[in-house]
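J.: Attaching a predicted model along with its sequence, questions to come.
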Amino acid sequence: MKKIVKGAAAVFAGMMVLTATPLTAYAGEYGYTYNYDYWGDVQESPDFYNVCKVFTGADLGLDKNLSNPDGIFTKDNKIYLCDSGNNRIIELQRDSAEKLEVVRIIDSFEGDCDVKTLANPTDVAVSDEGDFYIADQGNARVLKLDKDLQYVQSFVKPEDNTLDPKLVFQPTKLSVDSAGRVYCIATGINKGLIKYEADGTFSGFVGATPVTFDWTDYIWKKFASQEQRAKMESFVPTEYENIFMDYEGFIYATIATNEDKASKKDNAVRKLNLMGSDILVHNGEWGVLGDLYWGSGGGYEGPSIFTDVTVMDNDIYVCLDRNRGRCFGYDDQGNIVFCYGGNGNMNGYFRKPTAIDHIGHDLYVVDALDNSITVFVPTEFGQLVYNAIEEFDQGKYTESGESWENVMKQNGNYDLAYIGIGRSLLRQKRYKEAMKYFELKYDDDNYSKAYKQYRKEWVEDHIVWIVLVIVLLFIVPLGIGKTRRIKHEIDTADIFMNTQDGEK
Amino acid sequence: MAAITKEKYDHYIDSLKFALYCISHPLDGFWDLTHEKRGTYAAANTILIATVLIRILKLRYTSFIFVTVYWEDLNIFLYIASILFPLSLWVVGNWGLTTLFDGKGRLGQVYMATCYALTPYPLLQFPLMIFSNFVTVDEKEFYAMVSAISLVWAALLVIAAMGQIHEYTAGKNLLFTIATLFSMLVMIFILMIFFSMISQGVSYFISLGKELLFRL
């Protein structure tokens, strides 16, 4: 008996080894790029982005290696990188995707100002005129320098009665609109974005995040004592993580998702208009909040935390998750376009991603622990998807449909491809075919649009038959009733009754 | 085969047609159902089978706008049980309670009346299922309303039926409806305890057997 058990154990162990080896081999090859389908299931996808190159300080030819870089800003072909740990900003020229050249290093400036150096600059923005706006966190100010690095003005802590006077102003992230107004996020200020007019006056807070709370928390709080209440989380808006101004002047702002209170339909991104209200289009099945599964895996758990966002010219916005080190792309309808990345030491993986920006379709991701910039370029698959989306936006519906067909050939599990083909067919007035594609991916809104037209066409084509059927439906019972009544009258007529009686 | 005579068949059809009278005249209808012996078990079974069948058909033939099914996760037996299990709990629970408080209905009669009360479900859901394929999301409200009506109607009929077959007053009937719901919960609780005890008992003997095998 023992022998049998031992033998079985050996066979079992052998099988374990056999099955385990291919498993470990798979782990590296798959799971880099994926997608969420209608049901929220993870669908493997061909890679959407490839790593083109990873730049470290040495690759850029810098004297000192980068230290804790925290912000990145791109304009035309220039990249501005906040080398926060070294108190400087590096201006780079992008010659090609794999070639970046240092133009200048900004660590001090001239002009009528006491402190002429930077201390822990965490974000930078450049206006259309070429003026620099720098979140000079260590010096508690937002600096404005002109393009020759002459001091222009600084934006300081807003004078507002509701702010704690002891609070040190620590601007972290900022954006500048075309009129020179500055929007900025500062540590410890949760009333929304701090808005400065172009002349430096503070003009108010915009777009505070809505306060969310559980009603159970609310009830507990009612019964809690003063000390208990102090220990509880208070119902206050959360601070924004980061902001980005898109090409139209709308501000995309990211919020950290609260694991306890969030549902999978919530958004972690807000698109703010001038009034500060959220106008993000959200027609996707799932919220714009990154990963849908928050369980522990690989040492990381909890929801994705979008540390930065960038919006491309085709309205696709890419969010950077600092929790699992992933990039999430969403289209203008809030549908997920791609997810990729992860935490790790290989190229294309991150250790502590802090910022993302784009030039064209290329993505630049800054890693604060790795002290590097990773350049991602779209793969053939990614380029196809972008083509399909852009062609549709330009009104080239047939071409868009063909592009989506090619996308589908490469990835049959891609919901957007089906819906894209459907939308293209819908525009070409091929309703019946469009309906089929929408039904496959459960897109009820688009299906209804197509079906409404199809139904209209059908009714118009068959109007004669419909009228005929309706008329028949009315006339036949009417006729039957009439004949019956006549028959009844004949049967009960006196003359016949009499003869019948007579026969009896 | 010989059992199906013309007379029996006619009686069956009559009792099936009587369901239509019951749902429009519940008080009168359910009284006659048992007291005048207008209902048959065959008709009750037919209605129940129709209900289960419609519920399954709905999965496949309702437009995806209203019903989206995650087929990978669907267990058809569990789905059928989602009607049959609460129904049997209701019937047993109701009979068990009312028989202690001078309810006149017998177990079979409770079953028959409950099945008859389900009639609006297949009657409304079947046309609704076909209709759903000819509407858009804008007309969604209509579907939801008719669907809700079929459920509420059936629920009211169940309550009315119980009152009539047990010969209860309205107040007493409502009281026992609520009590029956509680008894259903109690039965679920007992069943859960029962099954967990059984599975623990079984696993005890399995581990005993394993231990024995190792020591041989």
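T.: Here it is on my side, so go on. Just so it is clear, the model here is predicted, and its values are computed rather than measured.
J.: Identify the residues contacting residue 42.
T.: I went with chain A, as the question did not name one. Residues near A:Val42 by Cβ atoms under 8 Å, 6 or more residues apart in numbering or on different chains: A:34-36, A:293. Any C-beta I mention is one placed from the backbone N, CA and C, and that applies to glycine too.
J.: oops, I was thinking of chain B
T.: Contacts of B:Ala42 (Cβ under 8 Å, 6+ apart): B:12, B:15.
J.: Would you quantify the distance from it to chain A?
T.: As judged by Cβ to the nearest Cβ, to the nearest Å, B:Ala42 and chain A stand 33 Å apart.
J.: Quick check: that residue is in a helix.
T.: Yes: B:Ala42 forms part of a helix when assessed by DSSP: H, G, I helix; E, B strand; the rest coil.
J.: so who does A:Leu425 touch?
T.: A:401, A:431, A:433-434, A:437, A:450.
J.: Check A:Leu92 too.
T.: A:60, A:78-81, A:100-103.
J.: can you check A:Asn77 too?
T.: A:93-94, A:359.
J.: again with A:Leu66
T.: A:Leu66 touches A:56-57, A:81, A:83, A:85-86, A:371-372, counting by Cβ under 8 Å, 6+ apart.
J.: How about A:Lys75?
T.: So A:Lys75 contacts A:Val126 (Cβ under 8 Å, 6+ apart).
J.: Residue of chain B closest to chain A, please.
T.: B:Thr136 (3.5 Å; Cβ to the nearest Cβ).
J.: residues from chain B in reach of chain A?
T.: B:64-65, B:68, B:70, B:134, B:136-138, B:213-214, B:216 (Cβ under 8 Å from any Cβ of the partner chain).
J.: re earlier: can you redo the contacts of A:Leu66 as TSV with distance to chain B, secondary structure and pLDDT?
T.: Below are the contacts of A:Leu66 laid out as TSV (distance: Cβ to the nearest Cβ, whole Å; DSSP: H, G, I helix; E, B strand; the rest coil; pLDDT from 0 to 100):
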residue	distance to chain B	secondary structure	pLDDT
A:Thr56	46	strand	92
A:Gly57	50	helix	90
A:Leu81	46	strand	94
A:Asp83	49	strand	93
A:Gly85	49	helix	91
A:Asn86	53	helix	92
A:Asn371	45	coil	92
A:Ser372	41	strand	93
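J.: Buried ones among these?
T.: A:57, A:81, A:83, A:85-86, A:371-372 (16 or more other Cβ atoms under 10 Å in any protein chain shown).
J.: Now B:Gly103: closest residue in space that isn't a chain neighbour?
T.: B:His166 (3.5 Å; Cβ to Cβ, 6 or more residues apart in numbering or on different chains).
J.: I'd assumed B:Thr99 was in contact with that neighbour.
T.: No: using Cβ atoms under 8 Å, B:His166 makes no contact with B:Thr99, being 9.2 Å away.
J.: So which of the two has more stuff around it?
T.: Applying other Cβ atoms under 10 Å in any protein chain shown to B:His166 and B:Thr99 shows that B:His166 carries more neighbours, namely 24 against 15.
J.: ok, the more buried one - contacts?
T.: B:98, B:103-105, B:173, B:176.
J.: if we can go back for a sec, just the ones of the contacts of A:Val42 in helices?
T.: Under the assignment DSSP state H, the contacts of A:Val42 contribute nothing to helices.
J.: how about JSON lines for these, with pLDDT added?
T.: Formatted as JSON lines, those follow (pLDDT from 0 to 100):
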{"residue": "A:Tyr34", "pLDDT": "92"}
{"residue": "A:Asn35", "pLDDT": "92"}
{"residue": "A:Tyr36", "pLDDT": "93"}
{"residue": "A:Tyr293", "pLDDT": "90"}
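J.: Among those residues, name the ones that also lie close to chain B.
T.: Restricting those to those near chain B - Cβ under 8 Å from any Cβ - leaves none.
J.: Name the nearest residue to the residue sitting nearest the centre point of chain B, ignoring sequence neighbours.
T.: The centre of chain B sits closest to B:Leu87, judged by Cα atoms, centre = their mean, with a distance of 3.9 Å. The shortest distance from B:Leu87 to any non-neighbouring residue, by Cβ to Cβ, 6+ apart, is to B:Thr114 (6.6 Å).
J.: Surely the one you found and B:Trp90 touch.
T.: Yes: B:Thr114 lies in contact with B:Trp90 (Cβ under 8 Å); the separation is 6.4 Å.
J.: Quick check: neighbours shared by these two?
T.: What both B:Thr114 and B:Trp90 touch, as defined by Cβ under 8 Å, 6+ apart, is the set B:Val158.
J.: Show the low-confidence segments of chain B, by residue range.
T.: Applying pLDDT under 70 to chain B picks out residues B:1-3.
J.: and if we set it to 90?
T.: B:1-11, B:32-39, B:72, B:101-105, B:135, B:137-140, B:215-216 (pLDDT under 90).
J.: residue ranges for the helices of it, please.
T.: B:6-24, B:26-35, B:41-61, B:76-98, B:107-117, B:120-131, B:140-166, B:170-215.
J.: and the shortest one with helix B:6-24, angle?
T.: When you say that, I think you mean helix B:26-35. 150 degrees (axes from the mean of the first three to the mean of the last three Cα atoms, to 10 degrees).
J.: same for helix B:26-35, what does it pack against?
T.: helix B:6-24, helix B:107-117, helix B:140-166 (3 or more Cβ pairs under 8 Å, 6 or more residues apart in numbering or on different chains; DSSP states H and E).
J.: ok, now the longest one?
T.: Under the contact criterion of 3+ Cβ pairs under 8 Å, 6+ apart, the helices and strands touching helix B:170-215 comprise helix B:76-98, helix B:140-166.
J.: Make sure A:Asn446 is actually in contact with A:Arg427.
T.: No: using Cβ under 8 Å, A:Asn446 is not in contact with A:Arg427, being 11.1 Å away.
J.: Please enumerate the strands of the stretch 51-200 of chain A.
T.: With DSSP state E, counting those that start in this stretch, the ranges of strands along the stretch 51-200 of chain A come out as A:71-75, A:78-83, A:88-96, A:99-106, A:121-126, A:132-136, A:141-145, A:151-155, A:171-176, A:182-186, A:193-196.
J.: Okay, buried residues for stretch A:277-290 please.
T.: Applying 16+ other Cβ under 10 Å to stretch A:277-290 flags A:280, A:282, A:284-290 as buried.
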